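Colleague: Structure here, sequence nowhere to be found:
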């Protein structure tokens with residue numbers, strides 16, 4: 001099972017009042033992950049952007065997780081603009097996170113692998 005994890009609005013409030021709230025809910029999410037040791041995590045948050053490559057993004061984003069959960073962060077979703085073609089623009093722009101998750105699954109897991117997303121923006125999913 002893969003869990004695609006958003007950060008803003010999920011692991012901490014969308015509107016941060018101060019840095020003390022940063023990742024303030026992550027311990028609750030990690031507690032659930034500990035109950036399901038086979039679950040792997042892929043970061044779908046905008047926090048994945050701005051790194052030179054996916055390996056660096058994974059390495060840096062793992063630093064926010066507890067030592068027992070960090071190794072289960074196995075990837076980051078691609079940016080939909082990179083795999084979108086001119087004919088698919090309208091469809092993809094409606095459900096960007098969904099398509100990013102499916103693109104990651106197509107590239108990294110066999111068909112039929114189960115996944116879910118923890119995200120505060122349902123409109124980004126089909």
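Modeller: Noted; the coordinates are in hand. The structure presented is a predicted model; accordingly, all values stated were derived computationally and were not measured.
Colleague: Give the full set of residues in contact with residue 72.
Modeller: 33, 39, 40, 41 (Cβ atoms under 8 Å, 6 or more residues apart in numbering). Just so you know, the C-beta spots here come from the backbone N, C-alpha and C atoms, and that holds for glycine as well.
Colleague: what would those residues look like in a markdown table with secondary structure, neighbour count and pLDDT?
Modeller: Formatted as a markdown table, those follow (DSSP: H, G, I helix; E, B strand; the rest coil; neighbours: other Cβ atoms under 10 Å; pLDDT from 0 to 100):
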| residue | secondary structure | neighbour count | pLDDT |
| --- | --- | --- | --- |
| 33 | helix | 19 | 98 |
| 39 | coil | 17 | 98 |
| 40 | strand | 17 | 98 |
| 41 | strand | 24 | 98 |
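Colleague: now, the most widely separated pair of those?
Modeller: For those, the maximum inter-member distance is 9.6 Å, found between 33 and 40 (Cβ to Cβ).
Colleague: got any residues that touch both of the two?
Modeller: 3, 72.
Colleague: I'd like to know how many residues surround residue 63.
Modeller: 8 (other Cβ atoms under 10 Å).
Colleague: Does it touch residue 70 like I think?
Modeller: Yes. Residue 63 lies in contact with residue 70 (Cβ atoms under 8 Å); the separation is 7.5 Å.
Colleague: can you pull out the helices in the chain?
Modeller: 26-35, 54-62, 80-83, 89-94, 96-108 (DSSP state H).
Colleague: Distance to residue 47 added to the ones you listed, as a markdown table?
Modeller: A markdown table is the format used below for the helices of the chain (distance: least, Cβ to Cβ, whole Å):
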| stretch | distance to residue 47 |
| --- | --- |
| helix 26-35 | 12 |
| helix 54-62 | 6 |
| helix 80-83 | 16 |
| helix 89-94 | 21 |
| helix 96-108 | 13 |
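Colleague: out of these, deepest packed?
Modeller: Counting by mean count of other Cβ atoms under 10 Å, helix 96-108 has the highest mean neighbour count of those, with a mean of 19.
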